[in-house]
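Participant: fold the following for me, if possible:
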Amino acid sequence: MNRFTPLLSTIQRFNALTPWCSLRSVAANSLLLLVVLLLSPRNVHANVYATNIRLNGGLTNIVASSGASLAISYILNEPATLGVSVNVNSGATTVRTITLTNPDPGTLQGSNYVVWDGRDNASNPVGGGVYSVSITAASSGYTNWTETSSELDDLDYRVWWPRGIAVNRNTNSPYYGRVFVANAQEGFDTITYPGDRVGITLHNADGSYADEWGYSTGGYDWAHGDTIQDQLSPWKLEVGSDDRLYANDFTDQGLVFSFDQLVSTNSFLAVLDSSNYPTNGFAELDGPFISGAGGTMQIWMADTTDGAGILRWNLTAGGVVAPNDTGVTIIQPNSADGLDVMPRDVALDSSNNIYVIQDTDSGSDWRVLRFPAYIDVTETNASWRIGSGDDSMRGAGGVAVDPTGTYVAVAFKGFFDSGVGGYQDGSLQVFAASNGDSIVTLAPGDDHYDTAWDNVGNLYAVDGFAKRWRSYSPPGTNQATTVAVPTVQISAPTQFVLSNPSYAGAAGQFVFTLTGEANATYIILASTDLSNWTPVATNTSALAARQITNTVSGSRSFFRARLG
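Facilitator: Now for the predicted structure:
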């Protein structure tokens, strides 16, 4: 059962007809604003932002005539308690703003739908040109770090054996905000529920499943079964700047594959294979982290053996690591002031500082470390290290840095208790990226395997004990602007002309020619005083020029037309 209850709301506003004083007129439509909302409200508020913006239901550029209406749909991850502004822009100039106030339709969590009538803020049809759409959502936020996902029996968040999570942070992607979760073991019902099937689930930013059913293997035969070796695939996930999803098969020592944002079968690429393992001929590569853009993309991995430490490979133009390229050692293991045991995962901030975690039960070992940016010299000394002697940081599983470089989040599994056959005393913890100071501990007691941030600062994690993925909001008032990827090209306003007036043979029949758009409908209006106008006819023709015949009464009559 889905948690959303359908609700249809409509807001309509109309303006008066544009005055017409001659036989020449500019096409115009009445102002129409339509908002449709399909959701149910909730009481907590994440850093709110709009995603999945579509124009006329699609993700491609639109070509429209002047005065044509444009449907703008979008998803809000949470209610915009301080409202939403939908802006239509010509370059850097905003020509139209549609303002929506909470709790009106268009400001609540889930799918929203607005129609722009093709007019500017002065109710005039916009001129020809290319227009972009941007949506700004604002929220009063929450006072503390707060879970914004559902803890009820909500199948959108259920994943039977969650091991990795990633969020698309590419603002130039039509799939901006999409959430991916790795499931490494079959659940009870692999037919009905995506989260019970081995593979990758796909979610919108509001938690709902993506349009493509919400599940895919990408065409790869992920290993799965009942042994611990069969519960590591798929493993960690990451979205690169190339808008591809990178996934780790940790069962086979850390193979990495990539897929498009639909995780479609024909998009499969083998990115890192066994020929890329370190020169010792063996590896257990955890990660990945993807850095760079264009021709400078790189893949970072943590070798969880006692071998190579933190490794980095360059990606070729084809998006893969070259055969037999065994990478470069970025951070050396077994260093007195750095890594003292085996690294588990790695992440970089926007300044290229390097964050590494170590999965260890030993109280004396360091659990979270930050290293300076790599500049062609293998790192050995950490900028800061935390966790030695702190048993609440045992079993570090995944690390991620928020987009501003303010926070570093770490997923801790805790320690493995053979008596209960699982991990105990794990948590999701947030630290200050500058010095490692503790900020907050979330979901203490549960075993967490991985964590991620979205582009506006919301935190995500996978919880193995609860068998679900979660989202969290940082505290505070916030707002974010999302620019739609597709644009709309408006053709120059079409003018139409009324000409050749004459009387027909029959008494009272007045005839004139209307030259306008082919395959268009025009409404003919009549008046005896140029003040009060009444629709008297509707004309549709495949021809641009058509003859209009009307019956007149009184001593004089005036006619005008508008697009229907």
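Participant: what stretches of the protein score poorly on pLDDT?
Facilitator: Applying pLDDT under 70 to the chain picks out residues 1-46, 224-230, 280-281, 306-307, 420-421, 493-494, 504-507, 553-556, 564.
Participant: centre-most residue in it?
Facilitator: Ranked by distance to the mean C-alpha position of the chain (CA atoms, centre = their mean), the top residue is residue 177 at 1.8 Å.
Participant: thought it was touching residue 207?
Facilitator: No: applying CB atoms under 8 Å, one finds residue 177 not in contact with residue 207, separated by 11.2 Å. The way it works is simple: take the backbone N, C-alpha and C, and place the C-beta from them, glycine included.
Participant: quick check: neighbours shared by these two?
Facilitator: The contact sets of residue 177 and residue 207 overlap at residue 77 (CB atoms under 8 Å, 6 or more residues apart in numbering).
Participant: where's the residue nearest to the centre of the chain, which helix or strand?
Facilitator: Using DSSP states H and E, residue 177 maps to neither a helix nor a strand.
Participant: now do residue 317
Facilitator: Using DSSP H and E, residue 317 falls within no helix or strand.
Participant: give me every residue that touches it.
Facilitator: Neighbour list for residue 317: residue 295 [criterion: CB under 8 Å, 6+ apart].
Participant: distance of it from residue 290?
Facilitator: Separation of residue 317 from residue 290 (CB to CB, to the nearest Å): 15 Å.
Participant: phi, psi of residue 479?
Facilitator: Main-chain dihedrals, residue 479, degrees, to the nearest 10: phi -150, psi 160.
Participant: ok, now residue 251?
Facilitator: phi -60, psi -30.
Participant: my guess is it contacts residue 234, does it?
Facilitator: No: using CB under 8 Å, residue 251 is not in contact with residue 234; the gap is 9.2 Å.
Participant: surely residue 456 touches residue 51?
Facilitator: No: assessed by CB under 8 Å, residue 456 is found out of contact with residue 51, at 9.8 Å.
Participant: what's the local residue count around residue 200?
Facilitator: Residues lying near residue 200 (other CB atoms under 10 Å) number 26.
Participant: repeat that for residue 243.
Facilitator: Burial of residue 243 is recorded as 16 neighbouring residues (other CB under 10 Å).
Participant: state the distance from it to residue 548.
Facilitator: Distance of residue 243 to residue 548, given as CB to CB: 53 Å.
Participant: same check on residue 54?
Facilitator: Computed as CB to CB, the residue 54 to residue 548 distance reads 39 Å.
Participant: what do you get for residue 474?
Facilitator: As judged by CB to CB, residue 474 and residue 548 stand 63 Å apart.
Participant: higher neighbour count, those two?
Facilitator: Set residue 474 next to residue 548 and count neighbours by other CB under 10 Å: residue 474 wins out with 23 against 19.
Participant: my guess is the more buried one contacts residue 459. True?
Facilitator: Yes: the criterion here is CB under 8 Å, and residue 474 meets it with residue 459 at 7.1 Å.
Participant: output the contacting helices and strands for the helix or strand hosting residue 440.
Facilitator: Element membership of residue 440, judged by DSSP H and E, is strand 438-442. Here strand 438-442 touches strand 427-432, going by 3 or more CB pairs under 8 Å, 6 or more residues apart in numbering; DSSP states H and E.
Participant: ok, 10 Å please
Facilitator: If contacts are counted by 3 or more CB pairs under 10 Å, 6 or more residues apart in numbering; DSSP states H and E, strand 438-442 sits against strand 407-412, strand 427-432, strand 459-463, strand 468-473.
Participant: give me the common contacts of residue 474 and residue 459.
Facilitator: Common contact partners of residue 474 and residue 459 (CB atoms under 10 Å, 6 or more residues apart in numbering): 46, 47, 145, 402, 407, 430, 440, 453.
Participant: mind checking which of these are buried?
Facilitator: 46, 47, 145, 402, 407, 430, 440, 453 (16 or more other CB atoms under 10 Å).
Participant: so how far is residue 552 from residue 527?
Facilitator: To residue 552, residue 527 is 11 Å away according to CB to CB.
Participant: kindly apply the preceding question to residue 485 instead.
Facilitator: Plainly put, residue 485 is 53 Å away from residue 552 if you go by CB to CB.
Participant: what do you get for residue 125?
Facilitator: In this view, residue 125 and residue 552 are 30 Å apart by CB to CB.
Participant: just want to know which of those two has more residues nearby.
Facilitator: Between residue 125 and residue 552, counting by other CB under 10 Å, residue 125 is the more crowded of the two (21 against 17).
Participant: what bridges to the more buried one?
Facilitator: Beta bridges link residue 125 to residue 119, judged by DSSP bridges.
Participant: pretty sure it contacts residue 116?
Facilitator: No: using CB atoms under 10 Å, residue 125 is not in contact with residue 116, being 11.6 Å away.
Participant: still on that earlier bit, overlap of the contact sets of residue 527 and residue 552?
Facilitator: 536, 558, 559.
Participant: skip the chain neighbours and tell me the closest residue to the first one.
Facilitator: Right, the one you point to is residue 536. residue 526 (4.6 Å; CB to CB, 6 or more residues apart in numbering).
Participant: try the second one
Facilitator: In space, residue 558 comes closest to residue 527 once its chain neighbours are excluded; the distance is 4.9 Å by CB to CB, 6+ apart.
Participant: the one you found against residue 557, yeah?
Facilitator: Yes: counting by CB under 10 Å, residue 527 touches residue 557, with 7.4 Å between them.
Participant: report the set of residues contacting both of those two.
Facilitator: With contacts defined as CB under 10 Å, 6+ apart, the residues shared by residue 527 and residue 557 are residue 536.
Participant: between residue 125 and residue 116, which contacts overlap?
Facilitator: Listed as contacting both residue 125 and residue 116 by CB under 10 Å, 6+ apart are residue 68.
Participant: whichever strand or helix holds residue 521: partners in the sheet, and parallel or antiparallel?
Facilitator: Under the criterion of DSSP H and E, residue 521 resides in strand 520-527. Here strand 520-527 is paired, per DSSP bridges, with strand 534-541 (antiparallel), strand 558-563 (antiparallel).
Participant: need these in TSV (columns: distance to residue 149 and mean neighbour count).
Facilitator: Below are the strands paired with strand 520-527 laid out as TSV (distance: least, CB to CB, whole Å; neighbours: other CB atoms under 10 Å):
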stretch	distance to residue 149	mean neighbour count
strand 534-541	51	13
strand 558-563	47	20
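Participant: ok, which of those comes nearest residue 75?
Facilitator: Set against residue 75 and scored by CB to CB, the strands paired with strand 520-527 come closest in strand 558-563, at 32.4 Å.
Participant: so how far is that closest one from its chain's centroid?
Facilitator: Its chain's C-alpha centre and that of strand 558-563 lie 46 Å apart, by CA atoms, centre = their mean, to the nearest Å.
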